[in-house]
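> How does the following fold in three dimensions:
(2 chains)
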Amino acid sequence: MTVDRSVLLPYLSKVERRRSLSEAASAAFMALPLEQHSYEIYRDILKEGDRPTRACLILTGVASRYSTLKNGTQQINSFHLAGDMVDLNAGLLTVSDSGIRTHTPTTVVTIGCEDILDLASDYPEWGRAFWFDTLVDASIFREWTVNVGRRTAVARVAHLLLEFNARLEKIGLGDGRAFVLPITQADLADAVGLSAIHTNRSIQRLRRSGAIRTHGRNFVIEDYPALVEEASFDPAYLQPEGPRR
Amino acid sequence: MPRYYFDLSNGAGFVHDPEGRDEGNLAAARQVAITALRGIISSEINEGKPVSRRSFISVRSEAGDEVAKVHFQDAILIED
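You can find the predicted model right below:
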């Protein structure tokens, strides 16, 4: 199946908003061989322990990285939204330490690991762009370590809601105050290391305090400063300033 | 797999479960409730908040019937 290459444009413009690329570098990216795949909800794009051969860019939908424990419980390590390159790690890491799963019907295009490595060595600006991308992922992982390791239940939930709010706004799926949570409360629970029941109660606490209003999966932040205070949320970890150069 | 709903009563508060979750059988659903109640009570202890001995989780079937009730004393073991 031939893939419409215009699907790469949102990622290209995200990279160019951070730092402009030479014409040759943009052209080389746009010429990459692609495969497009669509997944239903809760399908593995990559399984834990797999040897990936391709990285993927999310066109529409939501995916997570997750790890499974021996007792069957799972920890979600990060969420990835439309426009995110999910598995640049695959470029250099031969075995996947975690799985990647969809949380809504999701469409991706994949790029071969060898093509990514060639692009990065032919165009150092792409090498830097991919490096920056993986550093943002790492920054988010660190914040999540703090979240599950050190914050109270209510603060963990508040923090993740604020992250969704910020990231959804950035891709035009929210206005910075209201958004549709693209995952279930059970998934939210697996991301904050609580039971679904505890997560549900934490959301109720936030609702009762007047910080948020919810209707199903529709969330409205009523008192942004209070929610930020509760979560000790500082969006600097999302690296909005972009790379040094 | 059947779907179960887990409503929490914790002291004065009640939290309705809008989503539920699929579990293999009632015993598995009961274990989910026990684990959840332990987690909730332990974070209350960690945060220095009062713990209610009257806390319980009511497990409902898809039809809405209460099929199990997990009380504080089912979740927490206390030795003198």
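
> and chain A, which residues reach chain B?
A:152-153, A:184-186, A:194-198, A:200-201, A:204, A:216 (Cβ under 8 Å from any Cβ of the partner chain). Backbone N, C-alpha and C define where each C-beta goes, glycine included.

> one more time with 6 Å, if that's ok
Counting by Cβ under 6 Å from any Cβ of the partner chain, chain A comes close to chain B at A:152-153, A:184-186, A:195, A:197-198, A:200-201, A:204.

> Can you read off the pLDDT for the residue nearest to B:Phe56 when sequence neighbours are not counted?
Among residues not flanking B:Phe56 along the chain, B:His71 sits closest, at 4.6 Å (Cβ to Cβ, 6 or more residues apart in numbering or on different chains). pLDDT, B:His71: 95.

> about what we covered before: can you tell me which of the residues of chain A next to chain B are in helices?
A:153, A:185-186, A:197-198, A:200-201, A:204 (DSSP state H).

> could those residues go into TSV alongside distance to A:His80 and neighbour count?
Shown next, in TSV, are those (distance: Cβ to Cβ, whole Å; neighbours: other Cβ atoms under 10 Å in any protein chain shown):
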residue	distance to A:His80	neighbour count
A:Ala153	24	22
A:Gln185	19	21
A:Ala186	18	17
A:Ile197	26	27
A:His198	25	27
A:Asn200	24	25
A:Arg201	27	24
A:Gln204	28	17
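
> Dump those to CSV, plus pLDDT and distance to A:Asn147.
Formatted as CSV, these follow (pLDDT from 0 to 100; distance: Cβ to Cβ, whole Å):
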residue, pLDDT, distance to A:Asn147
A:Ala153, 97, 11
A:Gln185, 93, 17
A:Ala186, 94, 18
A:Ile197, 95, 19
A:His198, 96, 14
A:Asn200, 95, 18
A:Arg201, 94, 17
A:Gln204, 95, 19
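
> burial of A:Ala196, as a residue count?
Around A:Ala196 there are 21 other residues, counting by other Cβ atoms under 10 Å in any protein chain shown.

> now B:Arg3
13.

> got it, and B:Ser52?
B:Ser52, neighbours per other Cβ under 10 Å, totals 15.

> Kindly report the same for the one 10 residues further on.
B:Glu62 has 10 neighbours, counted by other Cβ under 10 Å.

> And B:Glu19, by the same measure?
By the criterion of other Cβ under 10 Å, B:Glu19 has 16 neighbours.

> was I right about it contacting A:Gln185?
Yes: taking contacts as Cβ atoms under 6 Å, B:Glu19 lies within contact range of A:Gln185: 5.3 Å.

> what touches both of these two?
The overlap between the contact sets of B:Glu19 and A:Gln185 (Cβ atoms under 6 Å, 6 or more residues apart in numbering or on different chains) is empty.

> Okay, strands next: where are they in the chain?
Went with chain A since none was named. Counting by DSSP state E, chain A has strands at residues A:34-39, A:44-46, A:54-60, A:62-68, A:74-81, A:99-102, A:106-112, A:178-180, A:212-215, A:218-221.

> let's do chain B instead
B:3-10, B:13-15, B:21-22, B:56-60, B:66-71.

> Averaged pLDDT, the shortest one. What do you get?
Pointing back at strand B:21-22 there. 93.

> And the first one, by the same measure?
Confidence over strand B:3-10 (mean pLDDT, whole number) is 95.

> Figure out how far it is from the centre of its chain.
6 Å (Cα atoms, centre = their mean, to the nearest Å).
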